[in-house]
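Visitor: predicted model follows, preceded by the sequence.
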Amino acid sequence: MGKLGILTGLGPVVAGSNPADPILNNKIFVQDYNYTNIFKTRLIKIFYMVEVYKIGGDISSDPKKLELVLDLMKKLEKQGLLVVSAMRGVTDLLMNVDPNTEGELTKKHLDFGSSLGISRERSAEILDPVFQSIVSQNKHEVISLGERLMATLVREYFNRNGLASEITTGFDIGLEAKRGIINKNCAARVSRKVRKDFLDKKIFPIVTGFDGIYNGERTTLGRSGSDQTATFLAYSLGAKAIYLLKNTRGVETANPKIVPSARNIPFLTYDMAMEAGNIQLEALQHAKTGKIPIIIGYIEDPRIRTIINSEPQSDGVKLVTGFEKCTFIEVKEIRDLPGSERKILSLFEKYGINKEISFDTRNSVAFVVNTGLDKVEAVKSAIPYNSVRTEPCSLVMVVGNLGRGDKDSLESKVWEVCNPFSSASWTKGSIVSSIVVPRDSYKNVIRYLHKNLIEKP
């Protein structure tokens, strides 16, 4: 018999073992988030606890990695589900559909089906009905097509290799979303549908990430939206854990392409993970609300992982990260104009520009946005003030439990490598401290800070 969970009005208590997970097997997790809006009574409910797994396009489109995923899913005894993303590069193709797009996507998926041992004839047969969405007038129907194509091939592969599975989508199960954010009020309905249609029938569900429903039509959840699909399903189902399977060694102390000596970080808090930038912000919020651990696991060796939860962590710097291709935007002589900063931020939202930090000087307001200069030019012309300066820059951040000494050390060490971008380019916090640097200094600053703040201590 599988694992049993007991759910009260306070939340689920998870008991039992999972041979696929030696770390979580050593603990009993008690999750105390409020189920008042999900279950209107406080009657005790007994059900099988589930585990939610998610794979990105780099894994789902690699036959050898997908075989590892299949082995993991078989060990779940149909007490879990898998969220899949589109094949790498497919969503970008669907953002700009032209007469060649369907042919290019068809070849890409038929080739991948062949690598899984599925004949091109069979792949064409199961994929053709899915391709009908490419002519939809709903742009969300089109750009989320990649997930449905990939899920179709994964289901065929699983079924051929001993794991009976079916596909469902965020749209089908009722993930209500507006502006890319899932509404938590739909959690009860989503939980009931997934359990009734799949888990209670011992059918393994493959769920397309990235899509949901808004006003009766398909919508999408933004970049990395499949992370949000996975964490919200875990929140709705009261899952034991969320596993994000990746080709990386969990979260590392720096980008290993910049710092080859970077190493795995075993544990992070939710707040640290939000600053590390490895998971979509909205996805982290669902997990944090539900107090459900997120495990970012290395697909080739699941023992190498980062567990993200609410457990306190030791003091000091955990990682050095940042954004290389940012833009510095300074708007002068507006400090005394009511509502000026709010107007600028609303323009950023309108043009899809992500603000990373902002700071004030004596007579101006400055922003660092994680967007290239080309996209910034459009918003620059729309800012209703005369003196606006833009310039390429990079943003370097250190993340951890930061004390006064950590912050001062960071500032002094940056000066040893380069002149900071501006005298007003420094923000300090207890979880993250950031500094704006010239783009040509970005990698050197990352390496130097990692060596002096992480390797030496």
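Guide: Yep, it's here.
Visitor: rest of the way, CA atoms for contacts and neighbours
Guide: Fine.
Visitor: show me what contacts L163?
Guide: By C-alpha atoms under 8 Å, 6 or more residues apart in numbering, the contact list for L163 reads L70, K74, F204.
Visitor: those, buried ones only, as a ChimeraX selection?
Guide: To isolate the buried ones among the contacts of L163 in ChimeraX, judged by 16 or more other C-alpha atoms under 10 Å, type:
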select :70,74,204
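Visitor: quick one: which of the contacts of L163 is nearest I435?
Guide: Sorting the contacts of L163 by distance to I435 puts L70 at the head of the list, at 43.3 Å, by C-alpha to C-alpha.
Visitor: how is the protein carved up into domains?
Guide: Residue ranges for each domain of the chain read 50-309, 316-455, as given by automatic domain parsing.
Visitor: pLDDT averaged over the last one - what is it?
Guide: Averaging pLDDT along domain 316-455 yields 80.
Visitor: would you mind measuring from the residue nearest to S364 when sequence neighbours are not counted to P293?
Guide: Leaving aside its chain neighbours, S364 sits nearest to K332 (4.1 Å; criterion: C-alpha to C-alpha, 6 or more residues apart in numbering). Using C-alpha to C-alpha, to the nearest Å, one gets 44 Å for the distance from K332 to P293.
Visitor: just to revisit the earlier point, and the contacts of L163 as JSON lines, adding pLDDT?
Guide: Output for those, formatted as JSON lines (pLDDT from 0 to 100):
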{"residue": "L70", "pLDDT": "95"}
{"residue": "K74", "pLDDT": "93"}
{"residue": "F204", "pLDDT": "95"}
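Visitor: ok so, going back, need the winner for burial among the domains of the chain.
Guide: domain 50-309 (a mean of 20; mean count of other C-alpha atoms under 10 Å).
Visitor: span of it from start to end?
Guide: End-to-end distance (C-alpha to C-alpha), domain 50-309: 18 Å.
Visitor: can you pull the contacts of the residue nearest to S364?
Guide: So K332 contacts N363, S364, V365, S387, V388 (C-alpha under 8 Å, 6+ apart).
Visitor: in the stretch 51-200 of the chain, which spans are strands?
Guide: 51-55, 80-84, 165-169, 177-178, 181-182 (DSSP state E, counting those that start in this stretch).
Visitor: next secondary structure after the longest strand seen in the chain?
Guide: For the chain, the strand with the greatest residue count under DSSP state E is strand 316-332. Next helix or strand after strand 316-332 toward the C-terminus (DSSP states H and E): helix 340-350.
Visitor: residues contacting the next helix or strand after that following helix, please?
Guide: Using DSSP H and E, the helix or strand that follows helix 340-350 in sequence is strand 355-360. With C-alpha under 8 Å, 6+ apart as the test, strand 355-360 has contacts from F348, V365, A366, F367, V368, V369, N370, A424, S425, T427.
Visitor: spit out the contact partners of S314.
Guide: N401.
Visitor: mind redoing it with 10 Å?
Guide: F267, L268, G400, N401, L402 (C-alpha atoms under 10 Å, 6 or more residues apart in numbering).
Visitor: can you list which of those are found in strands?
Guide: F267, L268, G400, N401.
Visitor: need the helices for the stretch 151-300 of the chain, in chain order.
Guide: 170-173, 187-197, 225-237, 270-276, 281-290 (DSSP state H, counting those that start in this stretch).
Visitor: make JSON lines from the ones you listed and add mean pLDDT and distance to I435 to it.
Guide: Below are those laid out as JSON lines (pLDDT from 0 to 100; distance: least, C-alpha to C-alpha, whole Å):
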{"stretch": "helix 170-173", "mean pLDDT": "96", "distance to I435": "39"}
{"stretch": "helix 187-197", "mean pLDDT": "95", "distance to I435": "39"}
{"stretch": "helix 225-237", "mean pLDDT": "96", "distance to I435": "28"}
{"stretch": "helix 270-276", "mean pLDDT": "91", "distance to I435": "14"}
{"stretch": "helix 281-290", "mean pLDDT": "93", "distance to I435": "21"}
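Visitor: now the ones you listed in TSV, with distance to I357?
Guide: Below are these laid out as TSV (distance: least, C-alpha to C-alpha, whole Å):
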stretch	distance to I357
helix 170-173	32
helix 187-197	32
helix 225-237	23
helix 270-276	12
helix 281-290	15
